[in-house]
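Trainee: Give me a model of this one.
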Amino acid sequence: MNTIQLRELAYARSGDKGDVCNVGLLAFNRENYELIRKYVTPERIKAHFGDMVKGEVEIYEMPNIEALEIVLRNALDGGATRTLRFDQTGKAMGTALLRMEIPVE
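Mentor: Next up is the predicted model:
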């Protein structure tokens, strides 16, 4: 089975509130959305980000706009006013997620 990066299937926007990062993952079309729904799971996201995301990962499906809202808790090393990380507000987390690979047939 081959793999493909999410960037081939969707685009993303991300931001923060404190130490919580949210990523909107919006599929280019219905077929891509179904692949994303199947393979973008909390477990796979946690594995992709490794120790950057220390808390829970929650996914909210929005089929009417073919999108997932992904909430990454304890993901910004304390948040913008506390961290020394380069991306303290989570703006690059969406781009990082788009590098995640999923299987395709």
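
Trainee: Now do the contacts for Arg7.
Mentor: Leu98, Arg99 (C-beta atoms under 8 Å, 6 or more residues apart in numbering). Heads up, the C-betas are built off the backbone N, CA and C, glycines and all.

Trainee: Please identify the buried residues of the helix with the most length in the chain?
Mentor: The helix spanning the most residues in the chain, taking DSSP state H as the definition, is helix 30-39. Residues of helix 30-39 classed as buried by neighbour count (16 or more other C-beta atoms under 10 Å): Asn32, Tyr33, Leu35, Ile36, Tyr39.

Trainee: quick one: the second one from Ile70, how far?
Mentor: Spelled out, that is Tyr33. Look at Tyr33 and Ile70: by C-beta to C-beta, to the nearest Å, they are 14 Å apart.

Trainee: same deal with the last one?
Mentor: Here the criterion is C-beta to C-beta. By it, Tyr39 lies 13 Å from Ile70.
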